[in-house]
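> coordinates for the following, if possible.
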Amino acid sequence: MHGILRGLVVAFGLFVSAAAAQTPVAVEVTYLRQVVPPPPTLSNLDPRPEDRGPAGAALGLSDNATTGRFLGQDWSLELVDVAPGADWAAAVADRLATDAFVLLDAPAEQILAAADAAQAAGSAALLINVSAEATDLRAGSCRANLLHTVPSLAMRADALAQMFVKKRWEEIALIAGQNTSDQAYAAALRASLAKFGLGLEAETDWTFDADMRRSAAAEVPLLTQPLGDYDVLLVADEVHDFGRYILYNTWAPRPVAGSEGLTAEGWAPVVEQWGAAQLQSRFQEASGRQMLPRDYAAWAAMRSLGEAVTRTGSADPATLRDYMLGPDFELAGFLGRPLTFRPWNGQLRQPIPIVHPRALVAQAPLEGFLHQVNELDTLGLDRGEAGCTAFE
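Just a heads-up that it's a prediction; the model follows:
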């Protein structure tokens, strides 16, 4: 026993000495957010937390600092909001002049503009997208200085398609909203159904502007009756306007999935396995609310930087980028398997929880969906599909 204690004391002493010998590393991160007013919706039951995203980054900062204080790391995080109508380009230029690491929370076109501005200015900054799910940012519009911790629309849609294959729900119907984000998700769902050999038997658009709180029981059956018979009804309503009124009001009693009912998300409050309950409780304690997908993406971005800084002992953005895209990087993300970055387009590989509001139903990739390199690459754009040349 005394020998064991002596060994522990010696090991601890070596650890402290090694930590003390570390060259101090300062890591300054900016969370740059374009404030986007939410579109009007039929219901006010889902208020959007003002700290959605920054709260996740703050928890990641705390996690990094906990480890970093023993290794000579000095972490800081600054939130910079760009008001609607304000000069996004000027805000980007201002941050690139001072910070080497920027988390971007903005629409896809503005994230792309930020990446191009950094390249044009000769900035070595590493940018991480924590909000824009547009698949094209991982495809033809990819940029070498831009990584993604938020899953793409294609990843979320592929997760549902795998679930449908396992359930043998082969005949699908679709209702799509008119918002741009609704249409983008609908396009991703169509592509995933085709990818996995499922049939889109019928589809229609949501064009109602009536108050569904009073008329859903009358209007929704009329809308869905012409869709005929199907195994599952997909709803593309990413602004969460009308989808809640589809459930239990359809002409045919069938499951509803997509933006409502059975959903595929980067993260959900009902994820509790693989140590996730501990992350959920720490976030709840810090922010006073449940962790949402954008919070998780921001947390994963901060933790990815933290893991790379710890492993390399460097705060050089080029060094960290190379490590994060390399074979030795792994992030423990509380999703059952290590998370890694795809070296061909900078997307974080991650399992996708398939959930309903009260429980986790499954997690994609589902059993039986195999890949020659990594089963997580059955979700979203594989190397041969991406068409991204910036990372070559």
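
> any idea where the strands of this structure begin and end?
Using DSSP state E, the strands of the chain run over 25-34, 73-82, 101-105, 126-129, 146-148, 171-176, 199-205, 232-236, 256-258, 263-264, 340-341, 348-349, 352-356, 359-364.

> save these as a markdown table, and put in mean pLDDT too.
As requested, the strands of the chain are exported to a markdown table (pLDDT from 0 to 100):
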| stretch | mean pLDDT |
| --- | --- |
| strand 25-34 | 97 |
| strand 73-82 | 97 |
| strand 101-105 | 98 |
| strand 126-129 | 98 |
| strand 146-148 | 98 |
| strand 171-176 | 98 |
| strand 199-205 | 95 |
| strand 232-236 | 98 |
| strand 256-258 | 98 |
| strand 263-264 | 98 |
| strand 340-341 | 98 |
| strand 348-349 | 98 |
| strand 352-356 | 98 |
| strand 359-364 | 97 |
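
> can you lay out those strands as TSV showing distance to A157 and mean neighbour count?
Where you see a C-beta, it was placed from the backbone N, CA and C, and this is true even at glycine. Shown next, in TSV, are these (distance: least, Cβ to Cβ, whole Å; neighbours: other Cβ atoms under 10 Å):
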stretch	distance to A157	mean neighbour count
strand 25-34	25	21
strand 73-82	30	16
strand 101-105	22	26
strand 126-129	18	28
strand 146-148	16	26
strand 171-176	11	23
strand 199-205	12	15
strand 232-236	9	26
strand 256-258	9	24
strand 263-264	7	25
strand 340-341	21	22
strand 348-349	16	22
strand 352-356	10	22
strand 359-364	10	17
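
> closest to Q290 out of those?
Evaluated with Cβ to Cβ, these place strand 352-356 nearest to Q290, the distance being 12.5 Å.

> on that earlier part again, let me have the strands of the chain in TSV, adding distance to R303 as columns.
What follows is the strands of the chain, written out as TSV (distance: least, Cβ to Cβ, whole Å):
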stretch	distance to R303
strand 25-34	12
strand 73-82	11
strand 101-105	12
strand 126-129	11
strand 146-148	13
strand 171-176	35
strand 199-205	38
strand 232-236	31
strand 256-258	29
strand 263-264	22
strand 340-341	13
strand 348-349	11
strand 352-356	18
strand 359-364	20
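
> show me where pLDDT drops low in the protein?
1-22, 41-45, 210-214 (pLDDT under 70).

> residue nearest the centroid of it?
V150 (2.3 Å; Cα atoms, centre = their mean).

> doesn't A297 make contact with it?
Yes - judged on Cβ atoms under 8 Å, V150 makes contact with A297 at a distance of 4.0 Å.

> need the residues touching each of these two.
Common neighbours of V150 and A297 (criterion: Cβ atoms under 8 Å, 6 or more residues apart in numbering): V130, S131, G266.

> between those residues, which is nearest L59?
Of those, the one sitting nearest to L59 (Cβ to Cβ) turns out to be V130, at 13.0 Å.

> for the closest one, give its distance to G313.
25 Å (Cβ to Cβ, to the nearest Å).
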